[in-house]
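# Next come a sequence and a model predicted from it.
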Amino acid sequence: MAGILEPFGVHIDASNSFVQAAVYGFLLVGVASFAAPVISTIRVLLSLFVLPGKSLSTFGPRGTWALITGASDGIGKEFALSLAAKGYNLILVSRTQSKLDSLSADITSKYGPKIAVKTLAMDFAQNKDADYNNMKKLIDGLDVSILVNNVGLSHSIPVPFVETPKQEMNDIIMINCMATLRVTQLVTPGMVSRKRGLVLTMASFGGFFPTPLLATYSGSKAFLQQWSTALASELEPHGVYVQCVQSHLVTTAMSKIRKTSALVPNPKQFVNATLSKIGRSGGAQGVAFTSTPYWSHGLMHWFLSRFLGERSDTVVKVNRGMHESIRKRALRKAERDAKKQ
């Protein structure tokens, strides 16, 4: 021991076992501090770019059913198309029957009788017992092996909480939180009885990283993260796998972004990443039963969480500044549009 530290001008009495143990402890801490970021970097790269996720057949064979909420547009529509291509029958739930009919016709035209499609039009913001009773009747007796909790709502534009319209607050909570709870409570008992199933819940960086001017939306998505992780632990012993899916922006009607980029995939790219990485954490290292599967989102999530902290002052301030700027631009556009009328 003395030989190791003497070049640094430190003399250690090797006969003192306490000092010897303490020095070894400090050395181990130093090695661990150096190794931890290296190991973390290797893990995130393997998870995002190399290692495959669990096969969907683990949760239910082809010919069983997938229920998708918010199914008629964007990410939900792409989940429907992707799961149909993989041989799953579909239960499509969304607000507008005409859009559901159009999507159903497209799938039936492509796959014929091989893929069965059922639809249910309901407005989740209304939180009507009659709608959920209709859903219960629709899935009664069906082997629903996959549930995609995709339906969601954000603010029309970034807005200070004190100025948020009451109806907008109510709709966000009903759609993002209550709808997800009620649908999951209808579907998962069947999964438990069959001892298999997959529940995917779409979350958002807006919930993982506190987002000023989207406070109600941010809180609702943070709720989904906590709830999903707790539910996953409850259902894991019953063979049902629950995964919270984190994402940054995707080109959807909600994001109001039309052009893809390295940081903004289209729905097909995002859904392909999600379905190929079931069971992998991606960029959500250390967060149980959670994945950030799209490569650029995953790297961003990993970097911000590891080096800044998801609730650091810097992250919150940057988020606030970005959404203040978005709000100003949206208000100026509204003024210009009003003058044209």
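All right, it came through fine. Since we're looking at a predicted model, the values are computed, not measured. Residues are numbered from 1 along each chain as shown.

# For the nearest residue to residue 260 once chain neighbours are set aside, give me the pLDDT.
Take residue 260 and drop its neighbours on the chain: the residue closest to it by C-beta to C-beta, 6 or more residues apart in numbering is residue 266, 5.1 Å away. C-beta: built from backbone N, CA, C; applies to glycine. Note on residue 266: pLDDT of 97.

# Likewise for the one 5 residues further on?
According to the model's per-residue confidence, residue 271 sits at a pLDDT of 98.

# same thing with the one 3 residues further on?
Among the per-residue scores, residue 274 shows a pLDDT of 98.

# Next, the residue sitting nearest the centre point of the chain: phi, psi?
What sits nearest the mean C-alpha location of the chain, by C-alpha atoms, centre = their mean, is residue 245, with 2.2 Å. Torsion angles at residue 245 (phi, psi; degrees, to the nearest 10) stand at phi -110, psi 110.

# Spit out the contact partners of it.
Residues counted as contacts of residue 245 (C-beta atoms under 8 Å, 6 or more residues apart in numbering) are 200, 201, 202, 203, 274, 290, 291, 292, 293.

# Over to residue 153?
125, 171, 172, 175, 176, 217, 254.

# how about the strands of this structure, start to end?
Counting by DSSP state E, the chain has strands at residues 65-69, 89-94, 117-121, 144-149, 197-202, 240-245, 290-291.

# Dump those to CSV, plus mean pLDDT.
Below are the strands of the chain laid out as CSV (pLDDT from 0 to 100):
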stretch, mean pLDDT
strand 65-69, 98
strand 89-94, 98
strand 117-121, 98
strand 144-149, 98
strand 197-202, 98
strand 240-245, 98
strand 290-291, 97
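
# Closest one of the contacts of residue 245 to residue 66?
residue 200 (9.8 Å; C-beta to C-beta).

# give me every residue that touches that closest one.
146, 147, 148, 149, 243, 245, 274, 278 are the contacts of residue 200 under C-beta under 8 Å, 6+ apart.

# from what I can see the fourth one touches residue 198, true?
It refers to residue 149. No - in terms of C-beta atoms under 8 Å, residue 149 does not count as a neighbour of residue 198; the distance is 11.2 Å.

# And these two? Which one has more around it.
residue 149 (27 against 22; other C-beta atoms under 10 Å).

# What does residue 247 show for phi and psi?
Residue torsions, per degrees, to the nearest 10, at residue 247 are phi -150, psi 160.

# Leaving out chain neighbours, which residue sits closest to it?
Nearest to residue 247 is residue 297, by C-beta to C-beta, 6+ apart, at 5.4 Å.

# my guess is the one you found contacts residue 248, does it?
Yes - here residue 297 reaches residue 248: they are 4.5 Å apart, a contact under C-beta under 8 Å.

# Compare the two (neighbour count), which wins?
Higher neighbour count among residue 297 and residue 248: residue 297, with 26 against 22, using other C-beta under 10 Å.

# That one and residue 138: what is the separation?
33 Å (C-beta to C-beta, to the nearest Å).

# Could you do residue 49 as well?
39 Å.

# Now do residue 57: how many residues are near it, please.
Counted with other C-beta under 10 Å, residue 57 comes out at 13.

# quick one: least confident helix or strand in this protein?
helix 2-5 (a mean of 46; mean pLDDT, DSSP states H and E).

# contacting residues for residue 274?
Contacts of residue 274 (C-beta under 8 Å, 6+ apart): 200, 245, 291, 293, 294.

# is it true that the third one touches residue 282?
This means residue 291. Yes - if you go by C-beta under 8 Å, residue 291 and residue 282 touch, sitting 4.8 Å apart.

# okay but residue 217 is in contact with residue 176, surely?
Yes - counting by C-beta under 8 Å, residue 176 is a contact partner of residue 217 at 7.3 Å.

# what stretches of the stretch 201-341 of the chain score poorly on pLDDT?
For the stretch 201-341 of the chain, no stretch has pLDDT under 70.

# can I assume residue 154 is in contact with residue 213?
No - the criterion here is C-beta under 8 Å, and residue 154 misses it with residue 213 at 11.1 Å.

# Sort out which one of the contacts of residue 245 lies nearest residue 71 for me.
The closest of the contacts of residue 245, once distances to residue 71 are taken by C-beta to C-beta, is residue 202, at 12.1 Å.

# count of neighbours near the residue nearest to that closest one when sequence neighbours are not counted?
Closest residue to residue 202 apart from its sequence neighbours, by C-beta to C-beta, 6+ apart: residue 150 at 5.0 Å. Residues lying near residue 150 (other C-beta under 10 Å) number 25.
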